[in-house]
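**Q** give me a model of this one.
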Amino acid sequence: MMPTTARLTRAQCSDLLKNPSLKGVFNRLGTLKYIKSDINKGFCVVTGSKQQKKAVKRNKIRRQLYTIFSTIYKNNDKTPIIAMLHVSKHSYGMSFEELFKECNDLLTKAQKNT
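**A** Here you go, the predicted model:
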């Protein structure tokens with residue numbers, strides 16, 4: 001799982017949404033809203049109770065996504081971004097491999113747009 005220092009707090013997430021330079025990309029996994037950062041990397045996952053009623057399933061996908069993003073950032077020295085992922089309702093039925101592929105796709109799209 002991603003360390004707490006690499007995850008965004010609730011206040012940082014709301015500040016991110018107010019940023020005028022906010023960009024977004026999307027796919028089957030959800031919508032990634034991000035800004036380019038000079039030195040910091042930060043990430044948060046937003047899972048809604050409207051898409052999945054059970055907190056156990058929401059927490060499971062949140063943990064999986066934090067693990068995936070931490071491994072992607074460890075292996076690659078990509079441009080640092082501060083990002084928020086809004087998970088779609090289709091992602092709750094995906095396997096770990098599918099989640100990994102979709103996350104990699106989202107980050108590749110975000111890197112092209114920065």
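
**Q** show me which residues of stretch 41-57 are buried.
**A** Lys41, Gly42, Phe43, Cys44, Val45, Thr47, Gln51, Gln52 (16 or more other C-beta atoms under 10 Å). (Each C-beta comes from the backbone N, C-alpha and C, glycine too.)

**Q** quick one: the residue most central in space within the chain from Arg62, how far?
**A** Taking C-alpha atoms, centre = their mean, the centroid of the chain lies closest to Leu85, which sits 3.6 Å from it. Using C-beta to C-beta, to the nearest Å, Leu85 is found at 9 Å from Arg62.

**Q** quick check: neighbours shared by those two?
**A** Val45 (C-beta atoms under 8 Å, 6 or more residues apart in numbering).

**Q** returning to that earlier point: in strands, which of the buried residues of stretch 41-57 appear?
**A** Taking DSSP state E, the ones among the buried residues of stretch 41-57 that sit in strands are Gly42, Phe43, Cys44, Val45.

**Q** could you dump the residues you listed into a markdown table and include pLDDT and distance to Ala11?
**A** Formatted as a markdown table, those follow (pLDDT from 0 to 100; distance: C-beta to C-beta, whole Å):
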| residue | pLDDT | distance to Ala11 |
| --- | --- | --- |
| Gly42 | 84 | 12 |
| Phe43 | 89 | 15 |
| Cys44 | 91 | 11 |
| Val45 | 93 | 16 |
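
**Q** so what's the residue nearest to the centre of the chain bridging to?
**A** Leu32, Val45 (DSSP bridges).

**Q** which among the ones in strands among the buried residues of stretch 41-57 gets closest to Asn75?
**A** Closest to Asn75 out of these is Phe43 (15.1 Å), distances taken as C-beta to C-beta.
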